[in-house]
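A.B. asks: Have a look at this prediction, sequence included:
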Amino acid sequence: MPEYVVSACLAGCHCRYDGEATPDERVLQLIREGKALPLCPEQLGGLPTPRPPFELLDGRAVDCNGNDITPAMLRGVEEAMHLVQLAGCTKAVLKSRSPSCGFGTIYDGTFSGTRITGNGLFADRLHKAGLIVHTEDHWQGE
Ligand code: SF4
């Protein structure tokens, strides 16, 4: 059973909005050892890759063109939670500052690079479900 759920982009998947990956060697090692389940809630919500970036504004997911993509994001979070609960994950290592995966710090919805206190939609859901949530910035490793 994988103990951890991890952001798929940290596992080297090219699932970010810009089509890039952000591999983290510690996360790769978790997967090699069979301890982590990689997921991308944005792709699970049916969003294309690449895609316009979005930020959270008043609880809504709004992309840089002004489109409200909240329904797709909520669908993606539900799909991801299904897999997390099926696998029995109890911890998370997620991509920092993402509007989906960020935990503790996110951007403020103005696309100006301004950081605020807050959680991404997936990270918040995992936290409320009782998982111990880290971002790669603050995770000390196992
Ligand atoms: Fe990575 Fe999460 Fe963004 Fe997917 S939603 S690209 S896993 S940060």
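C.D. replies: That came in fine, so what should we check first? Numbering: from 1, shown residues only.

A.B. asks: Get me the contact residues on the chain for the ligand.
C.D. replies: Within the chain, the positions adjacent to the ligand are 7, 8, 9, 15, 16, 40, 41, 42, 95, 98, 100, 101 by CB under 6 Å from any ligand atom. Backbone N, C-alpha and C define where each C-beta goes, glycine included.

A.B. asks: ok, now with 8 Å
C.D. replies: Residues of the chain lying close to the ligand by CB under 8 Å from any ligand atom are 7-10, 13, 15-17, 22, 38-43, 76, 94-95, 98-102, 120, 122.

A.B. asks: Quick one: list the elements packing against the longest helix that the chain contains.
C.D. replies: Counting residues, the longest helix found in the chain (DSSP state H) is helix 70-87. Counting contacts by 3 or more CB pairs under 8 Å, 6 or more residues apart in numbering; DSSP states H and E, helix 70-87 packs against strand 4-7, strand 36-39, helix 41-44, strand 60-63, helix 121-128.

A.B. asks: pLDDT averaged over the fourth one - what is it?
C.D. replies: Model confidence over strand 60-63 averages 98 on the pLDDT scale.

A.B. asks: Also stretch 89-102?
C.D. replies: For stretch 89-102, mean pLDDT is 98.

A.B. asks: Between the two ends of it, how far is it?
C.D. replies: With CA to CA, to the nearest Å as the measure, stretch 89-102 spans 18 Å from end to end.
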